[in-house]
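1. Need a 3D model of the following:
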Amino acid sequence: MVVSAQVTIGASGEPSDAGPREPEQHAVFSVLLIEDNEADAYLVRDSLANSEPGRFKITQSDRLASGLACLSHENFDLVLLDLSLPDSDGFETFRRVRESSPSTPIVVLTGRDDHDLAIMTTRAGGQDYLLKQFTGGELLTRLMQAIERKRVEEALRESEERYRLLFEMGPHPMWVLDTEDLRFLAVNPAATQLYGYSAAEFLNLRVLDLVPTEAIPTIREWLVPAQQLAPLCIQHRKKDGGILHVEMTGVTLQLGGRWTRFAIVTDVTARWRAEQELEYQASHDALTSLCNRAVIERRMNHLIASDRAENTRFAFLLLDLDQFKIINDSLGHHSGDMLLQRLSPKLRAAVRKTDTVARLGGDEFAILLPGATAEEAILVSKKIQKSLRTPILISNHWLDIGASIGIALYPEHGRAWEDLLQRADIAMYQAKRTHGGHLVYAEGTSDLSGRLDLMFELRKAIETDQLLLYFQPKIDLRTMRVDGVEALVRWPHPRRGLLAPDETIPVAEQSGLMKALTLWVLDAAVHQSCEWHRAGIELDMAVNLPPDTLVDRDFLQVLARKEEAANLVTARLILEITEATLVSEPERSRVALDQIHEMGVRISIDDFGTGYSSLAYLNALPVDELKIDQSLVRGMAANDRGECIVRTIVELGHNLGLQVVAEGVEGREDLESLIGLGCDHAQGFFFSQPLPHREFETWYHASEEARFRGNAKRPTVGRRSGQLPASSEDGLRSLRSRIASLVEV
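-> As a prediction, the model looks like this:
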């Protein structure tokens, strides 16, 4: 049954910037009362008539079915709903009414004092939950609050013709919010498209449902009516859970006597991501994704600035990979980059989450350990070095990687970034020079300024011809005669004394002087060899060639000029190159070696057995000689596996038609093994240490005299007998005695 009753007083619903107006007499709110108890229905009608005569037009239905029928053909401003009806009961009653007319405010009017049911209906979109023990004034107040939304909507509709196109067709999401309960009053299609909610779903949401919990205070403050409407950048959550970064701008309006916020939302997610990417690129290394120098410097400076109580401490580690240049030169920069990428996770895994790992450039890394002591920094260094010992497969080559680590402590070693970086750098280079792995900075450690001085002084020494060549003899194991030398540079430093290659070469590499140093050695060696030739001393002259020099056009031009002067053939020059040189730029290396070979210069592969090259290069390139690395020769007589490796290299060389030289011979047993294996030549301290040219000449003449006396009658002994020929016994005895009288071995 449907019953209608009406009392009329006016309410314009006209929006006003000056606040709510008195209702006009001809305006009426239409209320659908779904209530089967006539006494309760009468009480509602009577209360509203007495409170606001003529304000409400009430249509009553005593069944849910008839109430739904009314909603299907008539628009109501409000539904007053009893949940206990003859044809429906409880929350199901509310649900069906809500589904029938989602936009109509519903106030539950029931005799059930059920807290859970009240929460369920409110969460499902109900405007209020009233018990039937109400007063007339209370009912009016609650109903007016419930239909206030309707009044705002009516006010908006009055302006719809003017703003409809702007609102509906706008490319950016727009909405109207009730600043009191923060619910959406209206949204445009762009909002539904961006957020994934339908318009009806939006009207059941509050703006707080779109923002993360931590952003709720920010959005609340922004929605305060008196708050200055500055643009607000904030995160929003879409229906599917996706995160948007938006910028909200808006104005505060009074619609129907209530403060509202009209907002325009701009999706700035793409801009935010671009900014984040730029910020990431500005703070991270592109190759390894580690922090960069700017970040670790900023974090260190923050720790220093926070040290107000003089109790802050931290450790700063500087790490440099060992032999990285060889890997880069031999396998190429791409492989070097792959290696750095593979090592970066190992560094991160060795430290705490609160620590910072950064790549400073090249193969140099820095680590900041807040709160760490020297002992703790050493433990981290050992952990890093242990993790690096595991071989890494790069470009089909297993690489063993080492690192040198310098440690500086705050505040003991400095109170500024520059000081701590310098101290850690000093300690790192000292660790690299002494092969100690890691080192804590200490006063007295060779400093950077000293290295800078060395670089300047080395340049001057090269330019003013202050370097020396020392010569180590190479012995023909068939005749036990000296038939060649290796030229080794020495630097007589005015303060540091005589500097060996392991001290000079790093300085040349760091200062870019390797090319100049190599050309100086080549000139001096060729000149000395020609001098010896004129003096009747016929010896091969071996000169070490750094990897980059082989494909250097200036170097090839220097050789060509010496060939024109007939110096190369006279000098009996041998260029020693490492295996790394062959694979850094194989095609250019092949072309360069062919040109060098055509000049009459022989090619020797130095340190054979320790590099990264393929044996195929031995067959493809014009190589004349293999030099077995001293690490394989020392102690080989007492090591079956070592001797087996040397035997394999000797046989390989002979099968390819190459001469084989053993380096680092220091014991008689190793020499006997080499003779037994058929090795062609040997050099090492067993025969002589490197000597300056005058002392070498004396040593050479003495050895030749002893050889001449001892070889008057030379017996024939099998090459692989493992015993020295008698002439060799005598020659070695004479050589050793002469060496002992000339120099300290």
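2. and the closest residue in space to residue 460 that isn't next to it in sequence, how many residues sit next to it?
-> Residue nearest to residue 460 in three dimensions, not counting chain neighbours: residue 466, with 7.4 Å by C-beta to C-beta, 6 or more residues apart in numbering. C-betas here are computed from N, CA, C, even on glycine. Per other C-beta atoms under 10 Å, the neighbour tally for residue 466 reads 14.
3. do residue 282 as well
-> Neighbourhood size, residue 282 [other C-beta under 10 Å]: 10.
4. and the strand or helix carrying it, what's its mean pLDDT?
-> Element membership for residue 282, per DSSP states H and E: helix 269-283. Mean per-residue pLDDT for helix 269-283: 85.
5. Which parts of the stretch 451-600 of the chain are strands?
-> With DSSP state E, counting those that start in this stretch as the criterion, the stretch 451-600 of the chain has strands at 468-476, 481-493, 497-499, 540-544, 573-578.
6. Next, format those strands as CSV and append mean neighbour count and mean pLDDT.
-> Shown next, in CSV, are the strands of the stretch 451-600 of the chain (neighbours: other C-beta atoms under 10 Å; pLDDT from 0 to 100):
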stretch, mean neighbour count, mean pLDDT
strand 468-476, 22, 95
strand 481-493, 20, 93
strand 497-499, 13, 88
strand 540-544, 23, 93
strand 573-578, 24, 90
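7. so which of those strands gets nearest residue 52?
-> Minimum separation from residue 52 across these (C-beta to C-beta) falls at strand 573-578, 101.8 Å.
8. Over to the residue most central in space within the chain. Which of the three states is it?
-> For the chain, the residue nearest the mean C-alpha position is residue 289 (1.6 Å; C-alpha atoms, centre = their mean). Secondary structure for residue 289, judged by DSSP: H, G, I helix; E, B strand; the rest coil, is coil.
9. what sits against the residue nearest to residue 460?
-> Residues in contact with residue 466 (C-beta atoms under 8 Å, 6 or more residues apart in numbering) are 460, 491, 492.
10. Any chance you could list what contacts stretch 643-660?
-> Residues from elsewhere that reach stretch 643-660 (C-beta under 8 Å, 6+ apart): 608-609, 615, 618-619, 623-628, 632-633, 636-637, 662, 673-674, 677-681.
11. got it, and stretch 118-129?
-> Identification of contacts with stretch 118-129 by C-beta under 8 Å, 6+ apart yields 91, 94-95, 98, 102, 105-108, 110, 117, 142, 145-146, 149, 204.
12. Quick one: distance of it to the chain centre.
-> Centroid separation between stretch 118-129 and its chain, computed with C-alpha atoms, centre = their mean, to the nearest Å, is 52 Å.
13. Keeping just the C-alphas, turn it into PDB.
-> C-alpha atoms of stretch 118-129 as PDB (Å, rounded to 0.1, in the frame of the first residue of the first chain):
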ATOM      1  CA  ALA A 118      24.500   0.200  11.800                       C
ATOM      2  CA  ILE A 119      28.200   0.000  10.700                       C
ATOM      3  CA  MET A 120      27.300  -2.300   7.800                       C
ATOM      4  CA  THR A 121      24.600   0.100   6.400                       C
ATOM      5  CA  THR A 122      26.800   3.200   6.900                       C
ATOM      6  CA  ARG A 123      29.700   1.600   5.100                       C
ATOM      7  CA  ALA A 124      27.400   0.500   2.300                       C
ATOM      8  CA  GLY A 125      26.400   4.200   1.700                       C
ATOM      9  CA  GLY A 126      23.700   4.800   4.300                       C
ATOM     10  CA  GLN A 127      23.500   8.400   5.500                       C
ATOM     11  CA  ASP A 128      22.300   7.700   9.000                       C
ATOM     12  CA  TYR A 129      21.000   5.000  11.400                       C
END
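14. from now on call the first residue 24
-> New numbering, starting at 24: the last item is stretch 141-152.
15. and it, average pLDDT?
-> For stretch 141-152, the mean per-residue pLDDT is 87.
16. Now it: buried residues?
-> 141, 143, 144, 148, 149, 150, 151, 152 (16 or more other C-beta atoms under 10 Å).
17. could I get those as a markdown table with distance to residue 71 and secondary structure?
-> Shown next, in a markdown table, are the buried residues of stretch 141-152 (distance: C-beta to C-beta, whole Å; DSSP: H, G, I helix; E, B strand; the rest coil):
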| residue | distance to residue 71 | secondary structure |
| --- | --- | --- |
| 141 | 22 | helix |
| 143 | 27 | helix |
| 144 | 22 | helix |
| 148 | 23 | coil |
| 149 | 19 | coil |
| 150 | 16 | coil |
| 151 | 15 | strand |
| 152 | 18 | strand |
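18. tell me which of those is nearest to residue 356?
-> residue 148 (64.7 Å).
19. what's the closest one sitting at in phi/psi?
-> Per-residue torsions, residue 148: phi 120, psi 0 (degrees, to the nearest 10).
20. Could you check how far it is from residue 171?
-> Going from residue 148 to residue 171 by C-beta to C-beta, to the nearest Å gives 16 Å.
21. One more: residue 407?
-> Applying C-beta to C-beta, the value for residue 407 to residue 171 is 67 Å.
22. And the helices in the stretch 174-323 of the chain?
-> Listed in chain order, the helices of the stretch 174-323 of the chain (DSSP state H, counting those that start in this stretch) span 183-192, 212-218, 222-226, 239-245, 292-306, 316-328.
23. Would you format the ones you listed as CSV with distance to residue 418 included?
-> Converted to CSV, the helices of the stretch 174-323 of the chain look like this (distance: least, C-beta to C-beta, whole Å):
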stretch, distance to residue 418
helix 183-192, 59
helix 212-218, 48
helix 222-226, 57
helix 239-245, 52
helix 292-306, 28
helix 316-328, 28
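24. For residue 463, give me its contacts.
-> 397, 400, 401, 430, 431, 432, 450.
25. Please read the previous query as pertaining to residue 507.
-> Neighbouring residues of residue 507 by C-beta under 8 Å, 6+ apart: 496, 497, 562, 563, 564, 565, 595, 597, 704.
26. Can you get me a residue count around residue 674?
-> Neighbours of residue 674 (other C-beta under 10 Å): 13.
27. for the helix or strand encompassing it, the distance to its chain's centre please.
-> Assigned by DSSP H and E, residue 674 belongs to helix 663-678. Taking C-alpha atoms, centre = their mean, the mean C-alpha location of helix 663-678 is offset from the chain mean by 44 Å.
28. got the CA positions of that helix in PDB?
-> Output in PDB follows, covering the C-alpha atoms of helix 663-678 (Å, rounded to 0.1, in the frame of the first residue of the first chain):
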ATOM      1  CA  ASP A 663     105.400 -32.800 -10.600                       C
ATOM      2  CA  ARG A 664     102.400 -30.800 -11.800                       C
ATOM      3  CA  GLY A 665     104.600 -27.700 -12.400                       C
ATOM      4  CA  GLU A 666     107.100 -29.700 -14.400                       C
ATOM      5  CA  CYS A 667     104.300 -31.200 -16.400                       C
ATOM      6  CA  ILE A 668     103.000 -27.800 -17.300                       C
ATOM      7  CA  VAL A 669     106.500 -26.600 -18.300                       C
ATOM      8  CA  ARG A 670     107.000 -29.800 -20.400                       C
ATOM      9  CA  THR A 671     103.700 -29.100 -22.200                       C
ATOM     10  CA  ILE A 672     104.700 -25.500 -23.000                       C
ATOM     11  CA  VAL A 673     108.200 -26.600 -24.300                       C
ATOM     12  CA  GLU A 674     106.700 -29.300 -26.500                       C
ATOM     13  CA  LEU A 675     104.000 -26.900 -27.800                       C
ATOM     14  CA  GLY A 676     106.600 -24.300 -28.700                       C
ATOM     15  CA  HIS A 677     108.900 -26.800 -30.400                       C
ATOM     16  CA  ASN A 678     105.900 -28.300 -32.400                       C
END
